[in-house]
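Undergrad: My questions are about this predicted structure, shown below with the sequence.
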Amino acid sequence: MRKSWLIPAALMAAAPLIAQPATAADKTLTVYTYESFVAEWGPGPKIEAAFEAECGCDLNWVGVADGVALLNRLKLEGENAVASLVLGLDTNLIAEAKATGLFAAHGLDTGAISVPRDFSDDVFIPYDYGYFAVIYDSDSITTPPASLKDLVEGNADEKIVIQDPRTSTPGLGLLLWIKSVYGDDAAAAWEQLSGRVLTVTPGWSESYGLFTSGEAPMVLSYTTSPAYHLVVEETDRYRAAEFEEGHYLQIEVAGLLANAPEADLARQFLDFMMTPGFQNHIPTHNWMLPAAAVSEPLPEAFETLVSPEKSFLFTPGEVAQSRAAWIEEWLGAMSR
Amino acid sequence: MLTRAEHRAARSGGVAALLAIGLALAVPIAVMVAYGADAGLGAGLGPGQGDYLWRITRFTLLQAGLSTLLSVALAVPLARALARRPAFFGRRGLINLFALPLGLPPLVAALGLIEIWGRNGVANKGLALFGIETPFSIYGLTGILLAHVFFNLPLATRLILPTLERLPPEYWKTAANLGLKGWTLFRLIEWPAMRKSVAGAAGLVFMLCATSFTLVLVLGGGPAATTLEVAIYQALRFDFAPGRAVLLSTIQVALTLTIMAALKLIAAPADPGDTKGGGSARPDAQGGFQVLSDAVLIGLSGLFVAGPMAAVIGAGLVADLPRLLTDPLFWRATATSLGIGLVSATLATALSSLLIRARHSAGEPADTAALGLLSASSGAAGSLTLLAPPVVLGAGWFLMLGGGAGQLFAPLAAIIVINALMALPFVMRVLEPAHRTAMARNSRLALSLGVTGFNRIRQVDLPAMALPLTTGFVFALALSLGDLGAIALFGSDRIMTLPWLLYQKLGSYRTDDAAGLALLLGGTTMALILLADRLGRRDGNDRA
């Protein structure tokens, strides 16, 4: 099999005059992303098929653990990265990502993108978003907290599992959420909430596992989590609690690497990312909300989801500047 | 007793093994230091961090110390009880079961423990039956200790038990004739025999608990339960500060070693006793009360270890196993995990054998400084490797490989090497006491019969060591199978192991699939343990 490739290759090399100029079919676009995006059940395989049909190229996903690992991977590789694109950072990581100097402005029209708070950036383009939310088990909680204040001050016997902001993105999300609502009183709020916290896990997976095994009736996750249970497991047992103050927003973005081996193809992919060909696969495969138009209506389950009227989002600069100090504050309050 | 040529072979083998281990540890760490030097070694360790560092250090030592104390204090009577009862129904099954916790990813074990001890667990439900409605909470130090005892009581027991079983039956006959019982028997016979292995086990357990990560975070209840390992992980994972990670690792290694040295827990010197073959009927340990108390102790320990396992099995049965078993991804992951496990277990067993033979050859007390150094560093190598955080080694390898995108062989080799290094201390502790006994038993005879060199290894040493070698091999294999892989931190797009697949399922709401995979992973490990047990017993004459 392999040798049969050599013949056309040799012909191409021997007869450059009659060979066509390299077409897109020869090209491979490598995209770094997080593992769950490219998992068998994730959006990656479907998006790959759709984009390859359009570009006549080969799309190659490289998946790492999550958004934070993605950034680390880039720092490790520096300018030697084989990828042209990085897909899967969130707004909290943008400032740090830009500081590496590895990214280039995309120079594209992002008019098709519509995310809350009109987030836009010259380097990173949003591809989906979601809101952090407390998910509760309706079998054991009949009156869920109606606000962050309720959560903080509520019955300490009704426990919640949260994630560590030092090691987890949702964990950092809750930290920023409480900071947005409580400001300078955040430490006191954490101290009060700590009585209600059953445990703090290193990542989302551990806490969600504890929650679904019935160990705690509440967990910090996303407003879209119930959609998974509705669509795949056909149960409405797990629901999101809507909070009066509003919910903290997470926007996931993609960016072009300055040293991209295939910059044009990468831009073509970014354009594609803003169309239904990409966006259609986001809701029921990445379990997030699409950042641009989809061509098919969202499954019914998505209509039942909490859709916050008010949202919070610190700018990437604010997060980069204060994260260490806020985590320090959290450590102090939670360790007391 | 070795011939001159055998001495030479053993020593050069030991030096080679030491060099290999040294390189595998030093190179990635050097790469990390070089990388971190750009940002300054102490980057991120500001003035406010001093208190934090002190707090987490204190907690690390507290939980590791208590966990070790509990595990070993329970393992000693348990090993004695098991040695007193050499033949009861299910004994071998129980001892095999004791190898299993090691092969479970910590998160799976934690979820199993929670099924039993959690707020909604069996224990609390049982209490509720008796009218005690307020659930007790395991989160906090209690949970950490519980989990560490769950992992390490079986481990320590398995390490200590053989040293009692290797005692010649004459000891017990004489003890029975003299009427030695209880404390006197313990003081005069059992303790001198098990002392070394207890110290070895305690050292190992202490290192394992000091570097424990997932269990501490999940069951610790909050950031008050933060260990150095968490800080190291954070430094690499969230802040990507290799310099700080190396600095924290250095603190962890130095501190743990200092404490272990102070407590004399680092690999103890050999004391080859003159024994005359296995056999372990215990005429000294008859009598109704003792049988009953042994039965209770063994029964409770068995339940303690089997309970969370049963919970893992129960949760796994809910999953759609036929679908999981027909998923090509599952088979790919299983093949990868087994491949990595088999190679790294072979590597760990081979390195340990070389180190142990070198130690044996160098003699104790060693007669020259060079030999003393060889002996000491071979012993230390078996401890140190566990203290170097795998995330740091993994990151170092990755830096060296330039990220490793699209590469298959290099990251695979890094995973194998790291797994082998992590398994080394376990294997050493299994092999060394057995090797000592085998040497003491066979050396003179082999020499007088003129069976030397390779022939001797093949015909005398290997058969005598078959059981401990397979036990050590299985320890290493189980450890590797349950390991998420340090490399997972930075992703390895082409390598999919079972624990990695399990985490991936768990990370995308597929809790049932993850539970099913945990069952299959545990089942695979158990099957391998049973297989090795069978093979080891067939080939071995240790229990003849």
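TA: All right, it came through fine. Residues are numbered from 1 along each chain as shown, chains lettered A, B, ... in the order given.

Undergrad: C-alpha only now, for contacts and for neighbours.
TA: Noted.

Undergrad: Relative to chain B, how far out is the residue nearest to A:Val152 when sequence neighbours are not counted?
TA: Distances taken as Cα to Cα, 6 or more residues apart in numbering or on different chains put A:Leu193 closest to A:Val152, at 4.7 Å, once the chain neighbours are dropped. From A:Leu193 across to chain B, the span is 12 Å (Cα to the nearest Cα, to the nearest Å).

Undergrad: Could you list the residues of the stretch 1-150 of chain B in contact with chain A?
TA: B:107, B:111, B:114, B:118-120, B:139 (Cα under 8 Å from any Cα of the partner chain).

Undergrad: Neighbour count and secondary structure added to the residues you listed, as a markdown table?
TA: As requested, the residues of the stretch 1-150 of chain B next to chain A are arranged in a markdown table below (neighbours: other Cα atoms under 10 Å in any protein chain shown; DSSP: H, G, I helix; E, B strand; the rest coil):
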| residue | neighbour count | secondary structure |
| --- | --- | --- |
| B:Leu107 | 18 | helix |
| B:Leu111 | 26 | helix |
| B:Ile114 | 26 | helix |
| B:Gly118 | 26 | coil |
| B:Arg119 | 21 | coil |
| B:Asn120 | 18 | coil |
| B:Tyr139 | 24 | coil |
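
Undergrad: Now tell me which helix or strand of chain A has the poorest mean pLDDT.
TA: helix A:2-14 (a mean of 42; mean pLDDT, DSSP states H and E).

Undergrad: Skip ahead from that one and say which helix or strand is next.
TA: Counting by DSSP states H and E, the next helix or strand C-terminal to helix A:2-14 is strand A:28-34.

Undergrad: quick one: average pLDDT of that following strand?
TA: Strand A:28-34 shows a mean pLDDT of 91.

Undergrad: How about stretch B:371-388?
TA: pLDDT averaged over stretch B:371-388 gives 77.

Undergrad: hang on, the earlier thing: hmm, which of the residues of the stretch 1-150 of chain B next to chain A is lowest in pLDDT?
TA: When it comes to pLDDT, B:Leu107 is the least confident member of those, at 77.

Undergrad: Distance check, that one against B:Leu94.
TA: 23 Å (Cα to Cα, to the nearest Å).

Undergrad: Chain A against chain B: which residues are in contact?
TA: With the criterion set to Cα under 8 Å from any Cα, chain A comes near chain B through A:35-36, A:39, A:62-65, A:68-70, A:72-73, A:76-77, A:80-82, A:164, A:166-167, A:197-202, A:204-206, A:208-210, A:212, A:214-215, A:228, A:331, A:334-336.

Undergrad: Show me what the biggest helix by length in chain B is packed up against.
TA: Criterion DSSP state H: the longest helix present in chain B is helix B:409-448. In terms of contacts (3 or more Cα pairs under 8 Å, 6 or more residues apart in numbering or on different chains; DSSP states H and E), helix B:409-448 is packed against helix B:141-165, helix B:191-210, helix B:328-362, helix B:369-387, helix B:390-400, helix B:462-481.

Undergrad: again, only this time at 7 Å
TA: Judged by 3 or more Cα pairs under 7 Å, 6 or more residues apart in numbering or on different chains; DSSP states H and E, the packing partners of helix B:409-448 are helix B:328-362, helix B:369-387, helix B:462-481.

Undergrad: where does B:Ala199 land on pLDDT?
TA: Value for B:Ala199, per-residue pLDDT: 88.

Undergrad: picking that back up, out of the residues of chain A next to chain B, which are buried?
TA: Buried subset of the residues of chain A next to chain B (neighbour count, 16 or more other Cα atoms under 10 Å in any protein chain shown): A:35-36, A:39, A:62-65, A:68-70, A:72-73, A:76-77, A:81-82, A:164, A:166-167, A:197-202, A:204-206, A:208-210, A:212, A:214-215, A:228, A:331, A:334.

Undergrad: which residues sit against the biggest helix by length in chain A?
TA: Counting residues, the longest helix in chain A under DSSP H turns out to be helix A:316-335. Identification of contacts with helix A:316-335 by Cα atoms under 7 Å, 6 or more residues apart in numbering or on different chains yields A:91-96, A:187, A:190-191, A:194, B:222-224.

Undergrad: again, 10 Å this time
TA: Residues from elsewhere that reach helix A:316-335 (Cα atoms under 10 Å, 6 or more residues apart in numbering or on different chains): A:90-96, A:164-166, A:172, A:175-176, A:179, A:186-195, A:197, A:313-315, B:44, B:48-49, B:52, B:221-226, B:239.

Undergrad: and chain B, what are its domains?
TA: B:1-39+B:320-544, B:54-227+B:269-318 (automatic domain parsing).

Undergrad: so where's chain A shaky on pLDDT?
TA: Filtered on pLDDT under 70, chain A yields the residue ranges A:1-25, A:336.

Undergrad: Could you give the bridge partners of the residue most central in space within it?
TA: Residue closest to the average C-alpha location in chain A (Cα atoms, centre = their mean): A:Glu252, at 4.3 Å. Beta-bridge pairing for A:Glu252 (DSSP bridges): A:Asp90, A:Asp128.

Undergrad: ok, it - contacts?
TA: A:67, A:87-94, A:124-130, A:288, A:291.

Undergrad: one more time with 6 Å
TA: By Cα atoms under 6 Å, 6 or more residues apart in numbering or on different chains, the residues touching A:Glu252 are A:88-90, A:126, A:128-129.

Undergrad: can you give me the helices in the stretch 201-336 of chain A?
TA: A:204-212, A:225-231, A:263-273, A:276-279, A:282-285, A:300-303, A:316-335 (DSSP state H, counting those that start in this stretch).

Undergrad: Among those helices, single out whichever gets nearest to B:Leu248.
TA: Across the helices of the stretch 201-336 of chain A, B:Leu248 has its closest neighbour in helix A:316-335 (17.8 Å, Cα to Cα).

Undergrad: Distance check, the residue nearest to the centre of chain A against chain B.
TA: 16 Å.

Undergrad: what's the burial count for B:Ile369?
TA: Quick fix: residue B:369 is Ala, not Ile. 9 (other Cα atoms under 10 Å in any protein chain shown).

Undergrad: If we ignore the residues flanking it in sequence, what's nearest A:Gly42?
TA: Among residues not flanking A:Gly42 along the chain, A:His285 sits closest, at 4.9 Å (Cα to Cα, 6+ apart).
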